[in-house]
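Chemist: Please work out how this folds:
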Amino acid sequence: MVIPVADVDRAKEFYTRLGWRLDADFPAPDGLRVVQVTPPGSACSIIFGDRLTDAAPGAVQGLHLTVTDIEKARAELAELGADVSEPFHDAGGVFHHAGREGRVPGPHPDRADYNSFASFSDPDGNGWVLQEIKVRAPGR
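Modeler: Residues are numbered from 1 along each chain as shown. Modelled structure (predicted):
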């Protein structure tokens, strides 16, 4: 996934401060620069840099990171400097809505998998959502 950012070094500092592994930082003579980082424990990476996308910085929303303990993950991110929301669940009980619509404070009352969330943004406003999943549904 390519994440649009305004300042590559600022984004690199933000994500690596959160403990994301720096996999690549490759400049090219024509001004192209590719930075790839991977969240701890993930097999998936994000890429940002210069001349990679025409999307406006902050345009990417709703990227999900699954965690086994929403409160622990939220506390760890906050300690590392992320402005992360308090845990929440959705009033409708299916999935969180865009923005802050339907947010109910606190994790899901039953701590049901797939139903507790927290959110944060990078310095450009690209939006991330933590989703608590302890046991995946069968076949997933």
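Chemist: okay, CA-based contacts and neighbour counts for the rest of this
Modeler: OK.
Chemist: just the helices in the protein please.
Modeler: If DSSP state H is used as the criterion, the helices of the chain fall at 8-17, 70-79.
Chemist: how about those, which one is nearest Asp54?
Modeler: Of all those, the one in closest proximity to Asp54, counting by Cα to Cα, is helix 8-17 (14.4 Å).
Chemist: Could I get the CA-only coordinates of the closest one as CSV?
Modeler: Extracted as CSV, the C-alpha positions of helix 8-17 are listed here (Å, rounded to 0.1, in the frame of the first residue of the first chain):
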residue,chain,number,x,y,z
VAL,A,8,9.1,11.7,3.8
ASP,A,9,11.6,12.1,6.6
ARG,A,10,8.8,13.2,9.0
ALA,A,11,6.8,10.1,8.1
LYS,A,12,9.8,7.8,8.3
GLU,A,13,10.6,9.2,11.8
PHE,A,14,6.9,8.8,12.9
TYR,A,15,6.6,5.1,11.8
THR,A,16,10.0,4.0,13.0
ARG,A,17,9.4,5.7,16.4
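Chemist: Quick one: closest of the helices of the chain to Asp50.
Modeler: Asp50 lies closest to helix 8-17 among the helices of the chain, at 7.0 Å (Cα to Cα).
Chemist: Kindly reformat the helices of the chain as CSV containing mean pLDDT and distance to Asn126.
Modeler: Conversion of the helices of the chain to CSV gives the following (pLDDT from 0 to 100; distance: least, Cα to Cα, whole Å):
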stretch, mean pLDDT, distance to Asn126
helix 8-17, 98, 10
helix 70-79, 96, 16
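Chemist: Turn these into a markdown table, columns for mean neighbour count and distance to Pro57.
Modeler: What follows is these, written out as a markdown table (neighbours: other Cα atoms under 10 Å; distance: least, Cα to Cα, whole Å):
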| stretch | mean neighbour count | distance to Pro57 |
| --- | --- | --- |
| helix 8-17 | 16 | 11 |
| helix 70-79 | 17 | 22 |
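Chemist: Which other helices and strands does the lowest-mean-pLDDT helix or strand in the chain contact?
Modeler: Least confident element among the helices and strands of the chain, by mean pLDDT, DSSP states H and E: strand 103-105 (a mean of 85). Contacts of strand 103-105 with other secondary structure elements, assessed using 3 or more Cα pairs under 8 Å, 6 or more residues apart in numbering; DSSP states H and E, are made with strand 88-90.
Chemist: That'll do, ta.
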